[in-house]
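Asker: give me a model of this one.
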Amino acid sequence: MKFIIAIIKPFKLDEVREALSAIGIAGMTVSEVKGFGRQKGQTEIYRGAEYSTNMLPKVKIEIAASDALAPQIVETIQQTASTDSIGDGKIFVLDLASTTRIRTGESGDNAL
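Answerer: Residues are numbered from 1 along each chain as shown. Here you go, the predicted model:
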């Protein structure tokens, strides 16, 4: 099993969710997060005053998936979330040692 974490731009969330649903992804966890990478933040104007923020709003998507489905998930997120500009985000794929469904006690791929 794999644990996929994707950090994307917030306005791309609906498009990514729909694309993942189309390939059969039934569940995911989504969190609003802040961070920065190479873009090092941004300059904004608030009430006429210019200020710099070093943490940008992002969305973190977490998905537990079977080994067979993980590459397709990564490809779908990468193609859908891309704007071809700096700050599009990152995708991390980790090995998932175990999973247990709380309601039924099922474990492994059956719990997904």
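Asker: can you confirm residue 63 is in a helix?
Answerer: No - read with DSSP: H, G, I helix; E, B strand; the rest coil, residue 63 is strand and lies in no helix.
Asker: oh, and call the first residue 30 from now on, that's how I've got it
Answerer: That works, and once the first residue is 30, the last one we named lands at residue 92.
Asker: okay, it and residue 43: tell me how far apart.
Answerer: 16 Å (CB to CB, to the nearest Å). For glycine as for every other residue, the C-beta is placed from the backbone atoms N, C-alpha and C.
Asker: the two: which is more packed in?
Answerer: Shown here are residue 92 and residue 43; by other CB atoms under 10 Å, residue 92 has more neighbours (23 against 9).
Asker: which residues touch the more buried one?
Answerer: 32, 33, 35, 49, 54, 56, 57, 58, 102 (CB atoms under 8 Å, 6 or more residues apart in numbering).
Asker: what's the local residue count around residue 41?
Answerer: 19.
Asker: need phi/psi at the closest residue to it other than its chain neighbours.
Answerer: Excluding its sequence neighbours, the residue lying closest to residue 41 (CB to CB, 6 or more residues apart in numbering) is residue 110, at 4.7 Å. Phi and psi for residue 110, reported as degrees, to the nearest 10, are phi -80, psi -10.
Asker: thinking again about what came up before, what's the ChimeraX line that selects buried ones from the contacts of residue 92?
Answerer: Remark: buried members of the contacts of residue 92, expressed as a ChimeraX selection using 16 or more other CB atoms under 10 Å:
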select :32,33,35,49,54,57,102
